[in-house]
Structures are given as structure tokens and as C-alpha cells.
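S.K.: Model the following, please.
(chains A, B and C)
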Amino acid sequence: MIEVKKLVKRFGLKTILKGVDFTVQPGEFVALLGPNGAGKTTFLRILASLSRPSLGSVKVAGYPLPNESAKVRARLGVVSHMPLLYPDLTAEENLEFYARMYGISNHQSRITEVLQMVGLEPRRRDLVRTFSRGMQQRLAIGRAILHDPEVVLFDEPYTGLDQDASEMLDDVLRSVAAKGRTVVMTSHDLARAEDLATRFDVLSRGVIAASGTKDDFKNSNLLDFYKRSLENRE
Amino acid sequence: MQQKPILLTILDVLSIIGLGAATYFALVFAPTEAVMGNVQRVFYFHVGTAWVGLIGFVLAALAGIVYLITKDAKWDRFEVAAVEVSAMFFFITIVLGSIWARPAWNTWWTWDPRLTTAAVTELVYIAYFMLRAGIEDPEKRARFGAVYALLGGLSAPITFMVIRLFRTIHPVVVGNGNPEAQGGFDMTGSMLTAMFVALGAFTVFFINLMWHRIRLGALEEKVEQIKLKVSM
Amino acid sequence: MTQPSPSFFKAVLAIARKDLAAEFRSRELLSAMLVFSMLVILIFNFALELNVDIRRTVTAGVLWTTFAFAGTLGLNRSMAVEKDRGCMDGLLLAPVDRSVIFFGKAISNLVFMLVVEAIVIPLYAMLYNETRIFQLEFIGVLLLGSIGYIAVGTLLSAMSVQTRTRDVLLPILLFPVAVPVLLASVKASGAIVAGLPFKDYVTPLNLLIVYDVIFIAVSYMIFDFVVEE
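M.R.: Predicted coordinates for the structure are as follows:
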């Protein structure tokens, strides 16, 4: 579903990604871990076609980036730590706007469906500026899956959420993944990532330092795996 | 350290000789103009600097287009060099023009199309540098700089045409004269010679400065690269 | 399920509609532009002593200066709304051509500017008993000038919001490039107010049209370079 080969990204003279190879099978839920400044957000922005690769090839949902970016974007949903919502519009109006941008026909029923899924149906006519951080984040997820994308990217979805809101988000994330979607998520929260994901990749100093599934560290836990893979890089 | 090319050194020498010759032709060789007297001699350098300022301006806009197509950093360096050198020459042009305008028009400044367009162009250049100063990422800085150089290059001719709708008193010395112009004069043969010497000298000087500035830009980038390597 | 991409015009209208819906709810941008316009005219009134003789020659200039200043206020705010909450990313993620974003934002910016003009001009006419500005030709020049100003302003505001000095930078970038629109508009609308025949202002009008066409075309072609990374 996602195929990245020898991806290099430079900002000016600084090289953020130094030859990343990364493959995701359909239906996988990959957690992308790594310290601050490892290039996780940059990597996700490249997958989302928001940033151009300097070198290397990137294929998402079968289409190469950046040449066929419009086709990729039609099959892709993105949730970042910013909500990407308009505070002066209601939840419904926000989704309506994005439905139009994605060319979704009969969007009323789809919007209702999505709002029910993220648990915001009762608040559909309220302005987004009155929403709590957690509600905004759930609506942002609703916005990202509105067009039923094959691939969903989450960039630090838990940023700024309290315990309750995080748990509610867990449920939504599970139901997003349950539909057989391919998911890539960056996170600092190892415990949450361990619960949700099926595969764990560690991005460190611009390359994938380690990759493992839950079976690979049956006896230890994700934290050990994470620490080990960072130490190996030292 | 990259060696300074020999051709560049030759250009340095040629520029000095050329500017010296242009000074001689303007101050000694050319006859004193009958009406305005010696102050008219400023005209030769005025035309010379205006000419290369204009070349730099056009080159900057073209370099902007080429950069947007190729995304090659060397065109960004070329563009910055063109803008900087052209900004300096336009400024000198304006100052020299004022010196001439004081006795000829009895004012330092007038809102004539050429003067106003030159002033607006200087403002475009200042905005260009402020835009670049506000961006950290070198790639984005280059991209935005190219876009703005292109917009500036497109608007300047229209600015000129629009301001021409308001009255002009700037003389047109070469080509058809404007009946309302003040301070025009007919050029004798030796005046023309002095003007072409100045044009030639400033063209050589312009190429020389451009080359130096592009080379400086490349060296700057190398320093950044080395700094980055050392810090890692 | 894979959705087809929406048509170009539908997506442009979706953006403009979204902006207008949000604005007519909060009215933050329009009220700021309007109050600011009134203040500028008030200051001009005393700074220029706008009596009957002076008004004959400066009405067009006063109005255009006011609209230019109010316009930068609106342009800045309209693009900052997209940038601040990451909504620009949301727009960039839509499966449409990037120039859709340019035209959508330009249309809503143009509507904001025209709304301000539609309120300020009658007010000006009432305050100074200046009914000569209610001419079809005057409105036409107003429209042409606003289109050119907004086209280049939308492009530049998309750049300036991405810089460190965002709020102060837009007027500095915009005014030198927009000089032709402002001067041609002042020239043409001044001639109309003075009651001159069409042939006296056909040249600035032509230049205005040339500027509009060139800058809309160029903005369409290079907007991609302004929003990509």
C-alpha cells in the first residue's frame, strides 16, 4: 500500500531523511516511533504529498508521488496535531466543506454516518470553536475518513489530550483501523501505540533504525525494543 | 579553498581601466554642453548606471523563472546577485540624476515616469530583501524570492506606462524627443563617444560585480556546509 | 470506495462559500475592514481639508487609498485563518489542483473588498454630497481595480503568512507591485468623477485590464510554487 525507497529529504543544507526504506502492506497498522527531530513529521508530510521528496521514490496506494499526487490525495486521509477545522463553522458545515472538496456525492448521509462514528452527532450544529480539544480531534478524524480513504496517516494524534479524551480517541482509532484500512501513526505515547499498532518502526537520525511486530518482543515490551533500537544507533 | 579564476582577475583590471577611461571621456574628452555647462557631464555615468541597473532587473526576473523551472540553487544565487547589483546601480542612477536635475529642472526630484519607476523598483528590491530575511528554509527563501522577482519584473513596465499618463518632463536624448521635456540637448559626435565608452565600461563592471557576487554566494553556501559538518 | 475528484469550479465555489459562511457568522474581518476604512476617511477629511474644491480632484485618490489599506487588512486575516489552524494543509490535501485554492481564496477576498466598497462609497457620497461616484463607469473601474489588487494580493498573502514577519510584510510586498493598479484606477475614476469623456480615460482602463489579465494568469501558474514544500 505504501512503498518508500531510498527517500532523502533535505531542507536547504540539512538532510532530515537519509535514505528511508519503508513498506506497508494493506491493512497494517504501523506505529512510527522516534525521538524529537528524527524526521517523523517530515516523513508523514511526504507520504501525505504535502512535502516533496528530494530523492528516492514514494508510492502510496499504487500511485507515485509527487507526479500523481491528486490521485494519492483522493485515497488518503490525514490527521495532524492541528485540527484542520474552521472554528467559525459548525461540525456539519466543516464536513460539508470537505465533502465538496473531495467531490463526494450524497454527502448528507455520509456526514451523519461519520459524525455518529466519532460520537459527535448530538453536537453537529455547534460551532467548532465551542468544542473541547478532544472533540476537535475526533472531528478531525471524521474529516480525514469522510471520503473513505484506503490509507490514513496520524501525526501525533494524542498531542494536548487528557486521559479521558485519549481513551475516547483510542476507540475511534480502532474503528478506523478495523475497516481494513492501512494506518501509519507517529506517536510519543508508547503504551497507546503498543495497544493499537500491529507493527512498530523506529525512525532515528533520518533512517528506519528498527522494525518489529508484537511477536518479535513477546518476552520484553515495546519500551525495551524502542530503547534497544536507539542504542544500536549510537 | 577554491582559486579565484584568472578571467575574473582580468575582468577586475578591465573594470578599473574601463571606469578610468569613462571618467576621462566624461570629464575631459567630451565638450562642455553649451546651456547647462559642466553639470551635464554627470549624464554619461547616469546613463551607464541606469543601463546596467536595467539589465540586472531583467536578469533577476528571468533568473526567477529559470529557478522555478529548474530548482537549481545556482539560479537563486544568480538572481540575488542581479538584484543586489541592480539595486545599487539604480540607487546611483537616482542620485546622479538628482545632481543633474537640480540645475536643469530646478528641483532634486520630480514624479516623472522614469524617476518614479526607478523609485518603485528600489522599493520592490527592498521588499525582496525583507521577504528573504523573513524565511529560514533556504529552499523556500529561494522559491519565494524567485516568485517576487518575477512579479516585480512584470509590474515595472506597467508601472512605467501608467505613470506616463501623468505628465513627464524627463528628456529623451536618444530617439524621439518629447516636446514638453526640459533640459534636453543635442549630442555631438564626441558626446556620443563618451556615452558609449561609459556604457561599455559599466557593462564590463556589471559583469565583474555579478561574477563576484555569485562566487560569494557559492562560498557562503560552502561555509554553511562546512559548519554543518563540524557541528555533527 | 474511491471518490471521483470534484470539478474545478465546484471546488473553487466550495472554498469561497466556506469563507463567506464563516465570515457572515463572525463578521470579524468585515467589521475590522469597515471601521478601518471609516477611520482613514475621517483622517483624510482633516488632513486634506476636504472642501468642495479639493474634493473634485482628490475623491478618487482618497477612496482608493482607503480601499488599498482596508484590503491588506482583509487579505492578511483571510490567509492567516488558513495558516493558523493548519487548514491550509487541509486544503492542500484535497484531490484538486492547487490553483483551486488560489481562485477560491481570491473570490472570497474579492467579495469582502466589494462589500466594504459597497458600504463605504454611499457613506462617502452622503458625507460629502458627492453623487458623481454613482456612475456605472465608476463602478466598473472599481471592479477592475479590485480584481487586479486582490489577485496579486491573494498570491502575496499566501507567501507573507509563511514568513517570520508575516503581518507587517504584506503591505510592503504588495504596494510596490500593485502601484499600476492603484494609479490606473485613480486616474480612470478621477476622470469619471471630473466628468471627462471616455476617450480621456480609455488608456488607464486598458492598462488596468492588461494588468488584471497578466496577474491572474501568472498567479494561476505560480501559486503552486507558493504553497508547496
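S.K.: Near chain C, which residues of chain A are found?
M.R.: On the criterion CB under 8 Å from any CB of the partner chain, chain C has as its neighbours in chain A the residues A:45, A:48-52, A:70-71, A:73-76, A:78, A:80, A:82-89, A:93, A:97-98, A:100-104, A:127, A:143, A:147-148, A:150. Where you see a C-beta, it was placed from the backbone N, CA and C, and this is true even at glycine.
S.K.: so of the residues you listed, which ones are in strands?
M.R.: A:76, A:78 (DSSP state E).
S.K.: what comes into contact with stretch A:10-18?
M.R.: Stretch A:10-18 is contacted by residues A:7-9, A:39, A:42-43, A:46, A:54, A:205-207, B:137-139, B:221, B:224-225, B:228 when judged by CB atoms under 8 Å, 6 or more residues apart in numbering or on different chains.
S.K.: which SSE is B:F160 in?
M.R.: helix B:138-164 (DSSP states H and E).
S.K.: of the residues of chain A next to chain C, buried ones?
M.R.: With burial judged by 16 or more other CB atoms under 10 Å in any protein chain shown, the buried subset of the residues of chain A next to chain C is A:45, A:48-52, A:71, A:73-76, A:78, A:80, A:82-89, A:93, A:97-98, A:100-104, A:127, A:143, A:147-148, A:150.
S.K.: still on that earlier bit, just the contacts of stretch A:10-18: which are in helices?
M.R.: A:42-43, A:46, B:138-139, B:221, B:224-225, B:228 (DSSP state H).
S.K.: Using the three-state scheme, assign the residue nearest the centre of chain C.
M.R.: In chain C, the centroid-proximal residue (CA atoms, centre = their mean) is C:I150; its distance is 3.7 Å. On the three-state scheme (DSSP: H, G, I helix; E, B strand; the rest coil), C:I150 is labelled helix.
S.K.: Check whether the helix holding B:F160 comes into contact with chain A.
M.R.: Yes. Using CB under 8 Å from any CB, helix B:138-164 reaches chain A at B:138-139.
S.K.: Any part of that helix near chain C?
M.R.: Yes. Judged by CB under 8 Å from any CB, helix B:138-164 and chain C are in contact via B:140, B:143-144, B:146-148, B:150-152, B:154-155, B:158-159, B:161-163.
S.K.: Buried subset of the contacts of stretch A:10-18 as a ChimeraX selection?
M.R.: Buried residues among those (16+ other CB under 10 Å), as a ChimeraX selection:
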select /A:7,9,39,42,43,46,205,206,207 /B:138,139,221
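S.K.: of all of chain A, which residue lies closest to chain B?
M.R.: The minimum distance from chain A to chain B, using CB to the nearest CB, falls at A:G12 (3.5 Å).
S.K.: and that residue, how many neighbours does it have?
M.R.: 16 (other CB atoms under 10 Å in any protein chain shown).
S.K.: ditto for A:L173
M.R.: Number of residues near A:L173 (other CB under 10 Å) recorded here: 23.
S.K.: and it, what helix or strand is that in?
M.R.: Using DSSP H and E, the element containing A:L173 is helix A:163-178.
S.K.: Tell me, what's the model's pLDDT at A:N219?
M.R.: pLDDT recorded at A:N219 is 64.
S.K.: do A:T182 as well
M.R.: 89.
S.K.: give me the beta-bridge partners of it?
M.R.: Note on A:T182: beta-bridge partners by DSSP bridges are A:V151.
S.K.: who's in contact with it?
M.R.: Going by CB under 8 Å, 6+ apart, A:T182 touches A:1-2, A:24-29, A:150-152.
S.K.: Mind checking if the helix of greatest length in chain C is in reach of chain B?
M.R.: Longest helix in chain C by number of residues, with DSSP H as the criterion: helix C:52-84. No. Helix C:52-84 lies out of reach of chain B by CB under 8 Å from any CB, never closer than 12.2 Å.
S.K.: Now the residue of chain A closest to chain B: closest residue in space, sequence neighbours ignored.
M.R.: Residue nearest to A:G12 in three dimensions, not counting chain neighbours: B:P138, with 3.5 Å by CB to CB, 6 or more residues apart in numbering or on different chains.
S.K.: And B:A22, by the same measure?
M.R.: B:A22 sits nearest to B:A201 (CB to CB, 6+ apart), 3.9 Å away.
S.K.: Kindly report the same for B:H212.
M.R.: B:L8 is the one closest to B:H212 (CB to CB, 6+ apart), at 7.3 Å.
S.K.: Against B:G152, how distant is the one you found?
M.R.: As judged by CB to CB, to the nearest Å, B:L8 and B:G152 stand 29 Å apart.
S.K.: Tell me which of those two has more neighbours.
M.R.: B:G152 (25 against 14).
S.K.: so who does that one touch?
M.R.: For B:G152, the contact set (CB under 8 Å, 6+ apart) comprises B:60-61, B:121, B:124-125, B:128, C:176-177.
S.K.: ok, and the most crowded of these?
M.R.: B:A60 leads those on contacts (other CB under 10 Å) with 29 neighbours.
S.K.: how far away is it from B:S15?
M.R.: B:A60 is 21 Å from B:S15, by CB to CB.
S.K.: Give me the residue ranges of chain B where confidence is low.
M.R.: Filtered on pLDDT under 70, chain B yields the residue ranges B:1-2, B:34, B:167-186, B:232.
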